[in-house]
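Visitor: Model the following, please.
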Amino acid sequence: MNSSLYPHFGVLLVDDEPAWLRSLSLTLERSAGITNISTCQDSSKVMAMLEEKETGLILLDLNMPHLAGDELLGMIAERHPGIAVIIISGMNQIESAVNCIKLGAFDYFVKTVEEDRLLSGVLRAIRVLELERQNREMSSRMLSGELKCPEAFSGIVTTDRAMQAIFSYIEAVATSSEPLLIMGESGVGKELIAKAAHTLSGCCGQLVAVNVAGLDDVVFADTLFGHTRGAFTGADQPRRGMIEEAADGTLFLDEIGDLSIPSQVKLLRLLQEGEYFPLGSDRPKRLKARVIVATHQDLSIKQAVGTFRRDLYYRLCTHLVLIPPLRERKADLPLLLDHFLEEAARTLCKKKPTPPRELSQLLGTYSFPGNIRELKAMVFNAVSVHRDRVLSMDTFLKTIGRPEPKQNQEMAKQPEQNLYATLERLPTFGEAAELLVEEAMSRANGNQTIAARLLGISQPALSKRLKLRGIVSL
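Guide: Numbering: from 1, shown residues only. Just a heads-up that it's a prediction; the model follows:
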């Protein structure tokens, strides 16, 4: 199937008037970007055509020779219940419309109706069909737990179950024409998810990424929509916008939460109408790219306080993924460490160092506010100064040894607030200290450096306490 066709399923126009078929085909293509169109003048041939080509939507005239539209509608509903049928009649009769809806028609329009209303009805039907297909695919993937194209996610190092579920979801919605919203803290790899979605979309165009943070309204419009010659002072030559550069591909807008309200209005109109105006032009152009947006901010909070438009928020939430932070994927640390050690060694033209056994345990005690990006920077820094066969932990300890942000400290304290609430007798300070030391040494597998880190004390202080208790550390 040609991936540049829209929608992915066929749209069949059935009418015995060839002039009407030509006119409707041109209207759907020019005004709605619908290109996967077939036509039929003989209603008696429709059922055979449905066996030959995947069809999702039929625009059907009621009054035709050979086989009447309402009779054909009943046959389609019986044999192909997954196909949506929109009736387009030359007569405005309420009784006829009601009868068609009862027979299973998706919608009913009169030929003399305004063009915009008809186009909106067709696009609404396509959207419903796409969402139904995506729901079926997601259900199937969630039940099977298998990816059809795991190679699309080869750039993402993980064995985390939450990440695997995200991969399944991305596979299911990758071919959708609806926008995809990717949320997650800075450094979790949102751009990698966007690249995977683009790869799976099958689009023949390229992925065009634009970081919209800090762009004012005029620069945002010029960057996305482009301009004509003479549109403003200094516009000596016309310029294609990023939307046009991404034609038949994917437009990735990063840091969407930083957009100003005027720019949000422009983006909302682009997504709703599927068209835009280059600066200085009064002729609209069609949006021919899939739109993916990403942000590290919580848009639900921003829309609640009025800094992000509610209508745009809900428009973007059609497909939504939330990437978990690295602190919730601690099992991935050994894999990521090995991956970045290899990448750093290759980049810096060094032999891949051997990490000490305790390094993964040490990293597991850190919350990584910068997520995977921060871990990568740590590893590259360590490899850049590496000299011996075994990688030194000094550079990691300098970073991890710093006090963490107050917010993270408070979060870490929350589970411990009622630690002794259920005890009849409170332990003494000495007893509590001994219990803490034992637990820390157990979690650190006997490593004093890591245990001291867990307790928030220096390694010599822990060593002194262990010696007083007569414990020999590993």
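Visitor: Show me where this protein dips below the pLDDT cut-off.
Guide: 1-4, 142, 145, 401-422, 470-474 (pLDDT under 70).
Visitor: So which residues of it form strands?
Guide: Along the chain, counting by DSSP state E, strands occupy 10-14, 37-40, 55-61, 84-89, 107-110, 180-183, 207-211, 226-227, 239-240, 250-254, 275-276, 285-286, 290-295, 319-322.
Visitor: Compare those and give me the one nearest residue 101.
Guide: Nearest to residue 101 among the strands of the chain is strand 107-110 (6.6 Å), distances taken as C-beta to C-beta. From N, CA and C alone the C-beta is placed, and that goes for glycine too.
Visitor: which helices and strands sit right next to the closest one?
Guide: When contacts are defined as 3 or more C-beta pairs under 8 Å, 6 or more residues apart in numbering; DSSP states H and E, strand 107-110 packs onto strand 84-89, helix 94-102, helix 115-144.
Visitor: which residues in the stretch 251-400 of the chain form helices?
Guide: With DSSP state H, counting those that start in this stretch as the criterion, the stretch 251-400 of the chain has helices at 261-273, 299-304, 310-316, 333-347, 358-363, 371-384, 394-400.
Visitor: Let me see the contact set for the residue nearest the centre of the chain.
Guide: Central residue of the chain (C-alpha atoms, centre = their mean): residue 182, 3.9 Å from the mean position. Applying C-beta atoms under 8 Å, 6 or more residues apart in numbering to residue 182 gives the contacts 190, 193-194, 292-295, 320-321, 323.
Visitor: Next, format those residues as TSV and append distance to residue 221.
Guide: Listed next are those as TSV, based on distance: C-beta to C-beta, whole Å:
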residue	distance to residue 221
190	24
193	27
194	22
292	19
293	16
294	20
295	20
320	26
321	28
323	29
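Visitor: top of these by neighbour count?
Guide: residue 292 (27 neighbours; other C-beta atoms under 10 Å).
Visitor: The closest residue in space to residue 158 that isn't next to it in sequence: neighbour count?
Guide: The spatial neighbour of residue 158 that comes closest, neighbours along the chain excluded (C-beta to C-beta, 6 or more residues apart in numbering), is residue 332 at 5.1 Å. For residue 332, the neighbour count with other C-beta under 10 Å is 20.
Visitor: one step back: need the strands of the chain in a markdown table with distance to residue 134, can you?
Guide: Output for the strands of the chain, formatted as a markdown table (distance: least, C-beta to C-beta, whole Å):
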| stretch | distance to residue 134 |
| --- | --- |
| strand 10-14 | 18 |
| strand 37-40 | 22 |
| strand 55-61 | 13 |
| strand 84-89 | 15 |
| strand 107-110 | 21 |
| strand 180-183 | 11 |
| strand 207-211 | 21 |
| strand 226-227 | 31 |
| strand 239-240 | 31 |
| strand 250-254 | 17 |
| strand 275-276 | 24 |
| strand 285-286 | 23 |
| strand 290-295 | 13 |
| strand 319-322 | 8 |
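Visitor: Indicate which one of the ones you listed is closest to residue 467.
Guide: Closest approach to residue 467 among the strands of the chain (C-beta to C-beta): strand 319-322, 47.5 Å.
Visitor: Identify all contacting residues around that closest one.
Guide: 134, 166, 169-170, 173, 176, 178-184, 193.
Visitor: In contact with the closest residue to residue 24 other than its chain neighbours, which residues are there?
Guide: Nearest residue to residue 24, sequence neighbours excluded (C-beta to C-beta, 6+ apart): residue 13, at 5.7 Å. Counting by C-beta under 8 Å, 6+ apart, residue 13 touches 21, 24-25, 37-40, 58-59.
Visitor: Of all pairs in the residues you listed, which one is the farthest apart?
Guide: It's 25 and 58 that sit farthest apart of the contacts of residue 13, by C-beta to C-beta, at 13.8 Å.
Visitor: Can you pick out the residue with more neighbours from the two?
Guide: Per other C-beta under 10 Å, whichever of residue 25 and residue 58 has more neighbours is residue 58, with 27 against 18.
Visitor: can you pull up the bridge partners for that one?
Guide: Assessed by DSSP bridges, residue 58 has beta-bridge partners residue 12, residue 85.
Visitor: For it, which residues are in contact?
Guide: Neighbouring residues of residue 58 by C-beta under 8 Å, 6+ apart: 11-14, 46, 76, 83-86.
Visitor: what's the answer for residue 111, then?
Guide: Contacts for residue 111 were tallied using C-beta under 8 Å, 6+ apart; they are 20, 88-90.
Visitor: Could you tell me how far residue 160 is located from residue 372?
Guide: According to C-beta to C-beta, to the nearest Å, residue 160 stands 12 Å off from residue 372.
Visitor: Which of the two has more residues huddled nearby?
Guide: Remark: of residue 160 and residue 372, residue 372 carries more neighbours, 24 against 18, as counted by other C-beta under 10 Å.
Visitor: give me every residue that touches residue 241.
Guide: Listed by C-beta under 8 Å, 6+ apart, the contact partners of residue 241 are 222-227, 276, 278.
Visitor: Good, we can wrap up now.
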